[in-house]
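J.: how would this look folded up:
(2 chains)
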Protein chains: 2
Amino acid sequence: MNTAVDLPFQLQPRPMPAAMALALREHFGERFVTSLAVRQQHGRDESPFDVPPPEAVVFCESTEDVTFVVAAAARHRVPVIPYGAGSSLEGHLLAVQGGVSVDVSRMDRVLQLNPEDLTVTVQAGVTRLQLNREIKDSGLFFPIDPGADATIGGMAATRASGTNAVRYGTMRENVLALTVVTASGEVIRTGTRARKSSAGYDLTRLMVGSEGTLGVITEITLKLHPLPESVAAAVCSFDGAAAAVDTVIAIIQMGVPIARCELLDANAVIAVNRNDKLGLAEKPMLLMEFHGSAASVAEQAATVQELAAERGGTAFQWATTPEERTRLWTARHHAFLSGLQLRPGCRAVTTDCCVPISGLADAVTRALDEAEDAGIPHFLVGHVGDGNFHVAYLIDPASAADRETAERLNHQLVQRAIAAGGTCTGEHGIGLHKQGFLVEETGAGAVAMMREIKRALDPTRPAGGLSPGGGAAG
Amino acid sequence: MNTAVDLPFQLQPRPMPAAMALALREHFGERFVTSLAVRQQHGRDESPFDVPPPEAVVFCESTEDVTFVVAAAARHRVPVIPYGAGSSLEGHLLAVQGGVSVDVSRMDRVLQLNPEDLTVTVQAGVTRLQLNREIKDSGLFFPIDPGADATIGGMAATRASGTNAVRYGTMRENVLALTVVTASGEVIRTGTRARKSSAGYDLTRLMVGSEGTLGVITEITLKLHPLPESVAAAVCSFDGAAAAVDTVIAIIQMGVPIARCELLDANAVIAVNRNDKLGLAEKPMLLMEFHGSAASVAEQAATVQELAAERGGTAFQWATTPEERTRLWTARHHAFLSGLQLRPGCRAVTTDCCVPISGLADAVTRALDEAEDAGIPHFLVGHVGDGNFHVAYLIDPASAADRETAERLNHQLVQRAIAAGGTCTGEHGIGLHKQGFLVEETGAGAVAMMREIKRALDPTRPAGGLSPGGGAAG
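T.: Numbers count the residues shown, from 1 in each chain, chains lettered A, B, ... in the order given. As a prediction, this is how the structure comes out:
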């Protein structure tokens, strides 16, 4: 349950006219829902903001359905908020300006698998685990894995990544083309199935990461990757986070094609030990995975083991069976929920900075030192091969002081990341929570350009800002 | 020397007011040039169009210089055309609406090399060969290699790629951030040095491939890659292009991390043999390169050799010394100029389609058959690991029939590529030549969205189309 916190934005509800409600009810029947419970479920995410829910929810089953809602909303100047799994961390889907939630979770079909081309086209509501289940006989897989079992549409909209990005890239690199319902309710296709193209403006990349503010993504064509012939996972413990990060820096600088390279601080290890009964040394730890031929995996692993040993890495442990690997990675994917249990009844304020790799040791150690000094319970996990890490500050939801401390620590961490040439968000997006940081990071001129684009592509709705959430056109 | 052909667009000169010329002369002195020879040099590229040159050329030496020109041009509603090496193939830099050519070739400094982060920031006029010379002691390299020694700014503007894209990606994947002078003459920074980010709209990717129509790129931050520990190149001949392409398809589908994978048809081999005295079997040939550890290179090569042998590949030849490799790749990079010599006095009309890999054998063989049937001299080279290939039709510049044949063959080839889920341009861009194809490929709705973006970011100049060339705001 969310707890009210001061909103960093104004509520500006723009009520839905009766004529529009009528049209939607007529068209969608029972798939047009205004019950409070369903609206509330669609008006909350993992962010800490408490905002009134959208006025209605429409369960769409096709691109045509989405077109109908969006066109009606455009005529009546009503906000539209795309909704997938609801796993946003930054308030992307909150109905700041009221409006209609467009739930695409029933658009869950894998439309076209082309194994010979290593591509697949899916509807926006397909989730990442579902996709990998459905294509598992093809010998291919889709590597992007944010913590939650998010929808592919939501992952495209927030430019998500996860543990495999160091080797396979993020949604930015793995989306080939999109079907998008524009703000006025037209359908466009942003690309082809070709691996590369120089044909016109890169509308695909413009939509990827636009957080639902420029259109509703209804279909996504993705790159797939061959399942590696051989896979090995390993854990390695270090006396301090700095030594672990130094090992990662060496791995990246040597060009080892490591597939996954995750840092867990001692608190995160304690949390996953408790939750998943793993018995790991409760010290900063790297959790790594190597993909390739058997010989290549063995070679990568030997190189990494040497680099780790030179930096005091101990307890290098192999997980070679699929079961052992799954156990470790499941624990890693549970880390956020496991971490929350370190302080019963808490909420987490989660950071998401990403820095050039040479600044990573400093960024991590200062973040941990500051949290320690502030006396706030916390844990850290990081996709450190990318320079991206998350500190979760575990706050008492009733404590204004806790929240203030967490926000202050987050702000310090972001400012340092920006000063080091990095970003306030590696993979969670701006949402409502980070609009101020966006200006600090990119400057007023770049944000003004983003506003011009929003205004151009969604002229019927006033752009008071980037307005993910209720201001979104789609 | 270009020969006049029918222009697929209208000339709409928008003369520069005397006040603007005066202001530029005052500010730039001798770097503001209006002599016919310099203007003509800046008004021609490798495209076949003969268009009057720009009214003036300004040699810029800094982002501030560019800002000065662009701001003055915006006040006077005069077109601005960024100019790097002049190696455009599609008419990007022609002064269709008159205006000022902004030559950035003197902005040739490597500004900041961060070897520990695998990044470098350069001015737009640095060329790709210069960059690799200047960073060679860092143990890193920049892989993107279009045929010409293009500028990094021009390569970003056209979303260029080349022979290494199959392993290392294109400019889309390798540009981290840009400094851009916007249409009104403001300076923005589009990203950071972080490897990934979810911070706002992806302005970097919007500018990459925008062909100078949304702003002038003045600085580029690039990803670099560690020089591989071991490199091996190989050539392998086949009885037909189809067998060569089938081998490539198998390589990609197996996930072999091949670094370069180029096809030369028999005519292209004949051309490079003549020009570079190589003595290669004059049959369709794959030219490949493998990067990695010694063991990984050996393993990749063994796999590929087996796949090739199964498809009738013969004369598998290794080039293991740097000198032999350089000789082969230099010949490959000369292929275009060597090919022109197959028909003395000719010009080439060059195709650039890119298809999903499963459609590649059909696309290549039909393109070759049709050229053969039409009786027009031609050769084919292709970055076939990406599904991208170029047929060069060698036309007599004085023959309208030749040109018509070449354009007809190109059109057929593009239509088939689009029908197969591919694109009309893998790496050369739209320019003036392919505006019609862009609509065929992406549809009127997507092109309308591109126009809205152009209008929003360059409101002082009427957008009669995407207007690379003279309509560009920067």
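
J.: what about A:Glu404, how many neighbours?
T.: 11 (other CB atoms under 10 Å in any protein chain shown). C-beta: built from backbone N, CA, C; applies to glycine.

J.: A helix includes it, no?
T.: Yes: assignment of A:Glu404 by DSSP: H, G, I helix; E, B strand; the rest coil places it within a helix.

J.: name the element A:Ala392 belongs to?
T.: In this structure, A:Ala392 sits in strand A:388-395 according to DSSP states H and E.

J.: again, but for A:Thr213
T.: A:Thr213 is part of no helix or strand, with elements assigned from DSSP H and E.

J.: do A:Ala250 as well
T.: With elements delineated by DSSP H and E, A:Ala250 resides in helix A:241-253, which encompasses its position.

J.: alpha carbons only: can I get that helix in CSV?
T.: Taking only C-alpha atoms (Å, rounded to 0.1, in the frame of the first residue of the first chain), the coordinates of helix A:241-253 have been written out as CSV:
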residue,chain,number,x,y,z
ALA,A,241,32.9,-3.5,-2.7
ALA,A,242,35.8,-1.5,-4.1
ALA,A,243,37.8,-4.7,-4.8
ALA,A,244,34.8,-6.3,-6.5
VAL,A,245,34.2,-3.3,-8.7
ASP,A,246,37.9,-3.1,-9.6
THR,A,247,37.7,-6.6,-10.8
VAL,A,248,34.8,-5.7,-13.0
ILE,A,249,36.6,-2.7,-14.4
ALA,A,250,39.5,-5.0,-15.4
ILE,A,251,37.1,-7.5,-17.0
ILE,A,252,35.5,-4.8,-19.2
GLN,A,253,38.8,-3.2,-20.1
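
J.: does anything pack onto that helix? Which helices or strands?
T.: Taking 3 or more CB pairs under 8 Å, 6 or more residues apart in numbering or on different chains; DSSP states H and E as the contact definition, the neighbouring helices and strands of helix A:241-253 are strand A:260-264, strand A:285-292, helix A:294-310, helix A:360-374.

J.: could you rerun that using 6 Å?
T.: Identification of packing neighbours for helix A:241-253 by 3 or more CB pairs under 6 Å, 6 or more residues apart in numbering or on different chains; DSSP states H and E yields helix A:294-310, helix A:360-374.

J.: report the angle between it and strand A:285-292.
T.: Between helix A:241-253 and strand A:285-292, the angle formed by their directions is 20 degrees, by axes from the mean of the first three to the mean of the last three CA atoms, to 10 degrees.

J.: tell me the mean pLDDT for helix A:241-253?
T.: Taken as a whole, helix A:241-253 has an average pLDDT of 95.

J.: tilt between it and strand A:260-264?
T.: Between the axis of helix A:241-253 and that of strand A:260-264 there is an angle of 170 degrees, by the same axes, to 10 degrees.

J.: look up the closest residue to A:Ala319, ignoring the ones flanking it.
T.: Distances taken as CB to CB, 6 or more residues apart in numbering or on different chains place A:Ala233 nearest to A:Ala319, at 4.3 Å, with adjacent residues excluded.

J.: correction: A:Ala456
T.: For A:Ala456, the nearest residue in space outside its immediate sequence neighbours is B:Ala456; the separation is 3.3 Å by CB to CB, 6+ apart.

J.: what is the strand or helix carrying the one you found packed up against?
T.: Secondary structure assigned from DSSP H and E places B:Ala456 in helix B:435-457. Where contact means 3+ CB pairs under 6 Å, 6+ apart, helix B:435-457 is packed against helix A:444-457.

J.: roughly how far out does the helix it packs on sit from the chain middle?
T.: Averaged C-alpha coordinates place helix A:444-457 at 23 Å from its chain's average position (CA atoms, centre = their mean, to the nearest Å).

J.: just checking, A:Thr151 touches A:Ala85?
T.: Yes: under the criterion of CB atoms under 6 Å, A:Thr151 makes contact with A:Ala85 at 5.0 Å.

J.: in terms of neighbours, single out the busier of the two.
T.: Ranked by neighbour count (other CB under 10 Å), A:Thr151 and A:Ala85 place A:Thr151 first, with 30 against 19.

J.: okay, and the beta partners of the more buried one?
T.: With DSSP bridges as the criterion, the beta-bridge partners of A:Thr151 are A:Thr127.

J.: in contact with it, which residues are there?
T.: Remark: with contacts taken as CB atoms under 6 Å, 6 or more residues apart in numbering or on different chains, A:Thr151 is in contact with A:Gly84, A:Ala85, A:Gly125, A:Thr127.

J.: okay if I get those as JSON lines plus distance to A:Arg106 and secondary structure?
T.: Conversion of the contacts of A:Thr151 to JSON lines gives the following (distance: CB to CB, whole Å; DSSP: H, G, I helix; E, B strand; the rest coil):
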{"residue": "A:Gly84", "distance to A:Arg106": "11", "secondary structure": "coil"}
{"residue": "A:Ala85", "distance to A:Arg106": "12", "secondary structure": "coil"}
{"residue": "A:Gly125", "distance to A:Arg106": "6", "secondary structure": "coil"}
{"residue": "A:Thr127", "distance to A:Arg106": "12", "secondary structure": "strand"}
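
J.: enumerate the residues of the stretch 351-474 of chain A near chain B.
T.: Residues of the stretch 351-474 of chain A found near chain B, taking CB under 6 Å from any CB of the partner chain as the criterion, are A:354, A:356-358, A:386-387, A:421-427, A:429-430, A:438, A:441, A:445-446, A:450, A:452, A:456.

J.: show me just the buried residues among the residues you listed.
T.: Buried by 16 or more other CB atoms under 10 Å in any protein chain shown: A:354, A:356-358, A:386-387, A:421-427, A:429-430, A:438, A:441, A:446, A:450, A:452, A:456, out of those.

J.: which residues of the stretch 51-200 of chain A score low on pLDDT?
T.: Within the stretch 51-200 of chain A, no stretch falls below the threshold (pLDDT under 70).

J.: so where do the helices sit in it?
T.: Taking DSSP state H, counting those that start in this stretch to define them, one finds helices in the stretch 51-200 of chain A at A:63-75, A:128-134, A:152-157, A:165-168, A:171-174.
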